[in-house]
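> I'd like to go over a predicted model; first the sequence, then the structure.
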Amino acid sequence: MPVARQDTYASVSARERWIPRGLANTHPIFITRAEGSRVWDADGKEYLDFCAGIGVLNVGHCHPRVVQAVRDQAARLTHTCFQVLMYDEYVELAARLSALVGPARKTVLFTTGAEATENAVKIARAHTRRPGVIAFSGAFHGRTQLALTMTASNPAYRQNFGPLSAEVYHAPFPDEYRGWTTDRAFSALDELLATEVTPDQVAAVIIEPQLGEGGFIPAPAAFLQRLRDLTRRHGIVLILDEVQSGFGRTGRMFGYEHAGIEPDVVTMAKSLAGGLPLSAVVGKAEIMDAPLAGGLGGTYGGNPLACAAALAVLDVFDADDLVARGARLGAQLRDGLVTLQARVPAIGDVRGLGAMLAIELVRDRATKEPDAERAQQVIDRARERGLLLLKCGPHKNVVRFLPPLTTAPDDIARGLGILDTVFQAS
Ligand SMILES: Cc1ncc(COP(=O)(O)O)c(C=O)c1O
């Protein structure tokens, strides 16, 4: 039946009428314009955006170089499907991403983070001819079927979507705040390999260097180093999921660099193309070449517009020394959060690498009982005062900060000021 067009669809009631509840919204506002670290809603109200599209806009909203690159590309060539007709931008990007990770690497491009993690596993299985995959509690690797099976950060991501994929196992993530030291988590992994799946059946171990959705918990360097040793010993492909932590977010280009390890395969997305949908799997050439011709791909993977945007993003990183700038921004934000924690007992923990920071809200610092209500309150009150924040963590009590790495120090200070007012008022 034809539907009469409305003057505006920017209303929560229209959203509820036309879009299913399974797609949840953090903030009940509609955005019409964005620039740098700021967005404006349909009523013209300005906000400081420390969500940045869930860590997508490390170069900031509508970075002029990215906008120009997309405009130029749109006027020249928008789509052929790389599998059908090739174009320069895909290969240049593959070369640049491969070089960022290490020598003798190859890169294949997709559209979303979930596609990247699923394809990384496909490649690892084809290389090892083994079925098993080990992921970690608290992990988020996406919402498609294999990815959601590897995900273990919130029941909503998995519930009622079964049967899930076979041969996926979970080991505890080393969450020191909640008693999972490196030794304890590693013993649990050893136990899993002794009792549920033997190493010769495991194709891949996939881990985020810092849990994203799972609560912004960095994996200790020692844990990642031991994981590297174990996977190397058993011929298991070590996949580092850098979808959220990559591109300067942790104060290094990639989060795994903090542990000084060499991954076999790296998944990237989000900030890679500064707002355009693009993901990548980058890995050792001999692993990447395992699938048969035609086994990898997708109609839109590595679309020319997204490749042009990503090349511009990489140029911005070079020109603006954005990794170092992000590390400075992270240090400023961390100082502010630690100062706030000294005054606010509800802030049980301040944690994260670089500019991938979070506060965990608890009812009591000794019991560490999660306080999801307080976290929601903080997010709502901050928004009322013009600061946009996001939640994460299995108990929904962690408030995360993902400002663009281009955010001015004054704006970080302003965001911290708003947060301070929010805690004083609550
Ligand atoms: C670490 C990690 N992996 C994978 C994904 C999935 O990415 P996408 O939502 O683009 O499918 C995400 C998304 O938040 C993520 O944070």
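Received, thanks.
> Near Gln73, how many residues? Count them for me, please.
If you count neighbours by other CB atoms under 10 Å, Gln73 ends up with 22. Just so you know, the C-beta spots here come from the backbone N, C-alpha and C atoms, and that holds for glycine as well.
> Isn't Val33 up against Val39?
If you look again at residue 33, you'll see it is Arg, not Val. Yes - the pair Arg33 / Val39 is scored as a contact, 7.0 Å apart, by CB atoms under 8 Å.
> how about the residues of the stretch 101-250 of the chain that lie near the ligand?
For the stretch 101-250 of the chain, the residues in contact with the ligand (CB under 6 Å from any ligand atom) are 112-114, 117, 140-142, 208, 212-213, 241, 243-244.
> 5 Å instead, please
Residues of the stretch 101-250 of the chain found near the ligand (CB under 5 Å from any ligand atom) are 112-114, 140-142, 208, 212, 241, 243-244.
> I'd like to know which of those are part of strands.
Among these, the members found in strands (DSSP state E) are Asp241.
> Can you tell me which of the residues of the stretch 101-250 of the chain next to the ligand lies closest to the ligand?
Taking CB to the nearest ligand atom as the measure, Gly113 is the one of these closest to the ligand, at 2.1 Å.
> wait, isn't the closest one in contact with Thr267?
Yes - using CB under 8 Å as the test, Gly113 is close enough to Thr267 to be in contact (6.9 Å).
> Overlap of the contact sets of those two?
Each of 241, 243, 279 lies in contact with both Gly113 and Thr267 under the rule CB atoms under 8 Å, 6 or more residues apart in numbering.
> burial measure for the first one, as a count.
It refers to Asp241. If you count neighbours by other CB under 10 Å, Asp241 ends up with 32.
> Give me the pLDDT for it.
Per-residue confidence (pLDDT) for Asp241: 99.
> Isn't it up against Thr267?
Yes - with contacts defined as CB under 8 Å, Asp241 counts as touching Thr267 at a distance of 4.9 Å.
> Overlap in contacts, the two.
Each of 113, 117, 120 lies in contact with both Asp241 and Thr267 under the rule CB under 8 Å, 6+ apart.
> can you list the residues you listed in a markdown table and add pLDDT?
Formatted as a markdown table, the shared contacts of Asp241 and Thr267 follow (pLDDT from 0 to 100):
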| residue | pLDDT |
| --- | --- |
| Gly113 | 98 |
| Thr117 | 98 |
| Ala120 | 99 |
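> can you redo those residues as CSV with distance to Leu77 and neighbour count?
Output for the shared contacts of Asp241 and Thr267, formatted as CSV (distance: CB to CB, whole Å; neighbours: other CB atoms under 10 Å):
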residue, distance to Leu77, neighbour count
Gly113, 25, 29
Thr117, 29, 32
Ala120, 28, 31
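> Sort out for me which of these are in helices.
Among the shared contacts of Asp241 and Thr267, the members falling in helices (DSSP state H) are 113, 117, 120.
> contacting residues around whatever residue of the stretch 251-400 of the chain ends up closest to the ligand?
Using CB to the nearest ligand atom, the closest approach of the stretch 251-400 of the chain to the ligand is made by Ala269 at 4.9 Å. Residues in contact with Ala269, defined by CB under 8 Å, 6+ apart, are 110, 112-113, 116, 243, 278-280.
> ok, those vs Thr421, which is closest?
Val243 (33.0 Å; CB to CB).
> ok, the closest one touching Val266?
No - the pair Val243 / Val266 is not scored as a contact, 9.7 Å apart, by CB under 8 Å.
> Reduced to three states, what does the closest residue to Ala327 other than its chain neighbours come out as?
Nearest residue to Ala327 in three dimensions, chain neighbours excluded: Gly251, at 3.7 Å (CB to CB, 6 or more residues apart in numbering). Gly251 carries the three-state label coil when classified by DSSP: H, G, I helix; E, B strand; the rest coil.
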